[in-house]
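*Asks:* A predicted structure for the sequence below; I have some questions about it.
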Amino acid sequence: MSFAMGGGGRPAAEMNVTPLIDVLLVLLIIFMITTPMDPHGVYADIPQKNGKPSPEEAVIVLELSQGKDSVPALSINRQQLAWAELKARLLEIYKTRANGVLFIKGDTDVEFEYVAEAIDAAHAVHVERVGLLR
C-alpha cells in the first residue's frame, strides 16, 4: 500500500520506487545494447622494415613553381614535366604502387587554380590521397 497508518492516527506517505527501478534497468539495458563493443581509435601506418625504402615506396612530390610565364612549372620529384604530360606520368607512376599518396607542394606565388588542377589530375588517375605541403 502507498499509505501506512502511523501510531498517531495520521496517514504517512511512502514513495513506491519499484517502477523507477524498472525504468532504470530498462534504460541500462538499452544503453548496453546500443554501445558499440569494438573499440574505435586512430589507425596509424607503422613502418614494417628498417633501411632504405624501395623506389616503389618512395614519396611522390609534385612541385609547382612560378616561372617566367603565367603558368607555373611542374616537377615530380625534381624531374621537370609539362602540364600536358601530367596525367600520363601520374598514371604511369601509380599504376603499380600499393599506396596511392601524392604530395603537392606549391610556391607562395602560385595561384590556387593551378593547385586545384593538379589535384583534379591526380584524382582523375585514381590517386587515393592527396596531401598539400608548404
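*Replies:* Thanks, I have it. Numbering: from 1, shown residues only.
*Asks:* helix or strand: which one has S70?
*Replies:* Using DSSP states H and E, S70 falls within no helix or strand.
*Asks:* count the residues that sit near L20.
*Replies:* 10 (other C-beta atoms under 10 Å). Where C-beta positions appear, they are placed from N, C-alpha and C, glycine not excepted.
*Asks:* and it, how far from L27?
*Replies:* 11 Å (C-beta to C-beta, to the nearest Å).
*Asks:* now swap in K105 and tell me
*Replies:* Applying C-beta to C-beta to K105 and L27 gives a distance of 54 Å.
*Asks:* of the two, which one has the most company?
*Replies:* Counting neighbours by other C-beta under 10 Å for K105 and for L27 shows that K105 has the greater number, 16 against 10.
*Asks:* the bottom helix or strand of this structure by mean pLDDT?
*Replies:* strand 3-5 (a mean of 56; mean pLDDT, DSSP states H and E).
*Asks:* next SSE downstream of that strand?
*Replies:* Assignment by DSSP H and E places the next element after strand 3-5 at strand 11-13.
*Asks:* in its sheet, what does that next one sit against?
*Replies:* Partners of strand 11-13 in the sheet, by DSSP bridges, are strand 3-5 (antiparallel).
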